[in-house]
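**Q** Sequence below, structure please.
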Amino acid sequence: MKLKPLGDRVIIKHIKDAALDETTKSGIIIPGGEKEGKPEQGEVIAVGPGRVLDSGERSKMDVKVGEKVLFEKGYGANPKMKMDGEEYMVINISEIIGIIE
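**A** Numbers count the residues shown, from 1 in each chain. From the prediction side, this is the model:
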């Protein structure tokens with residue numbers, strides 16, 4: 001099954017970064033993505049065509065399929081879905097903080 005995002009939405013596959021994990025003094029491991037205020041990493045799987053502007057033209061999308069990005073944590077507002085055993089998120093382009101080079 002393929003999913004194509006609409007407008008200025010992007011489909012992201014979450015990447016777990018063990019380097020962001022933190023161990024408390026008592027030995028509890030806090031995953032990097034679970035800390036409040038910390039951005040998460042993901043790989044761009046699909047990109048929508050862009051938002052329709054008042055002029056009728058489409059806005060330019062700043063990311064491409066295959067790029068690794070940092071994005072803001074959505075706190076449950078971003079739809080998550082499972083396809084072929086993998087979990088994906090649909091986010092708005094404005095939630096992407098930057099591209100990892």
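**Q** and the residue in the chain sticking out farthest from the centre, what element?
**A** In terms of distance from the mean C-alpha position of the chain, residue 26 ranks first, at 31.3 Å (C-alpha atoms, centre = their mean). Following DSSP states H and E, one finds residue 26 outside all helices and strands.
**Q** middle-most residue in this structure, spatially?
**A** residue 12 (4.4 Å).
**Q** Bridged to that one, which residues?
**A** Beta bridges link residue 12 to residue 44, residue 89, judged by DSSP bridges.
**Q** How about the contacts made by it?
**A** By C-beta atoms under 8 Å, 6 or more residues apart in numbering, residue 12 lies in contact with 42, 43, 44, 45, 69, 71, 88, 89, 90, 91. The way it works is simple: take the backbone N, C-alpha and C, and place the C-beta from them, glycine included.
**Q** just to revisit the earlier point, got the phi and psi for the residue farthest from the centre of the chain?
**A** According to degrees, to the nearest 10, the main-chain angles of residue 26 amount to phi -80, psi 0.
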